[in-house]
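**Student:** output the structure for:
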Amino acid sequence: MLRRWVIVLSAIFVSIVLFLLIRVQGAVAGREFSPVTFAMREFRFYEIPLIHLQITPIRRTRVTTKTATYLRQNSLINAPTQHAEIWHLVDLSRGFTGQTPADAKILVDQLTLKHEGGEYWRQWCIDHPKHAKLFWPRIQRLAGREMYLLMPPLFELAQTDQSAEAMSQKVDDSLRLQYRDLILDLRAADRDELANGILLEARQDFPNDVELNNL
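**Tutor:** Residues are numbered from 1 along each chain as shown. Next up is the predicted model:
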């Protein structure tokens, strides 16, 4: 009889400990970004810690910035009504381990950038419509390729005081240089397959670039 109670109490104790562990450390949350529509969504579920076994359904909530809405409404990005569901991870957190950013966070941080109570890049588009028409299609093309790491210099160039045509040329020059450097770095790291794939994409954008064609 005593042994039975010991087993029952042990099972209850283990269940309570497991419940608290999952409740505290098993929460998984994050954000995803669509390179097609520039929409975002948040997700959350619970898992058993350490073995990462999901035990609850994933709950997702759509989140859209005013900047993304403006880009779609004004055809500054190509966002067809029917499109494949493509989502890139922005960040992920597990329990109290903190948030781990992914590459897409580079663009999301820009889309959510605030200035004087509003979203910075939405107002920039309103103030610089010619620049915006040349700039955002390039950003969307990079997002579709998951080339977020190439974006920071482009956002800096977009904010300089210059004509739309001059900005466009400088953005292209920056992309050519970044592509070349990235391809050479990947080859030096013996990642030839990835380097060749990126080279093909770069040549699609800049078919007449001599240095890219000689790589």
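**Student:** relative to residue 136, how far out is residue 96?
**Tutor:** Distance, residue 96 to residue 136, by CB to CB, to the nearest Å: 38 Å. For every residue, glycine as well, the C-beta is placed using N, CA and C.
**Student:** meant to ask about residue 115
**Tutor:** Distance, residue 115 to residue 136, by CB to CB: 18 Å.
**Student:** where does the prediction get shaky in this protein?
**Tutor:** Along the chain, the model assigns pLDDT under 70 to residues 1-26, 50-51, 84.
**Student:** can you give me the strands in it?
**Tutor:** Taking DSSP state E to define them, one finds strands in the chain at 27-33, 40-48, 53-54, 59-63, 88-94, 99-101, 114-115, 118-119.
**Student:** now, of those, which is deepest in the fold?
**Tutor:** When the strands of the chain are scored by mean count of other CB atoms under 10 Å, the highest mean neighbour count falls to strand 27-33 (a mean of 20).
**Student:** packing partners of it?
**Tutor:** For strand 27-33, the packing partners by 3 or more CB pairs under 8 Å, 6 or more residues apart in numbering; DSSP states H and E come out as strand 40-48, strand 88-94, helix 105-111.
**Student:** at 7 Å what do you get?
**Tutor:** strand 40-48, strand 88-94 (3 or more CB pairs under 7 Å, 6 or more residues apart in numbering; DSSP states H and E).
**Student:** adjacent strands (with direction) for it?
**Tutor:** Paired with strand 27-33 in the same sheet, following DSSP bridges, are strand 40-48 (antiparallel), strand 88-94 (antiparallel).
**Student:** so which residues make contact with it?
**Tutor:** Residues outside strand 27-33 that contact it (CB atoms under 7 Å, 6 or more residues apart in numbering) are 40-47, 87-95, 104, 107-108.
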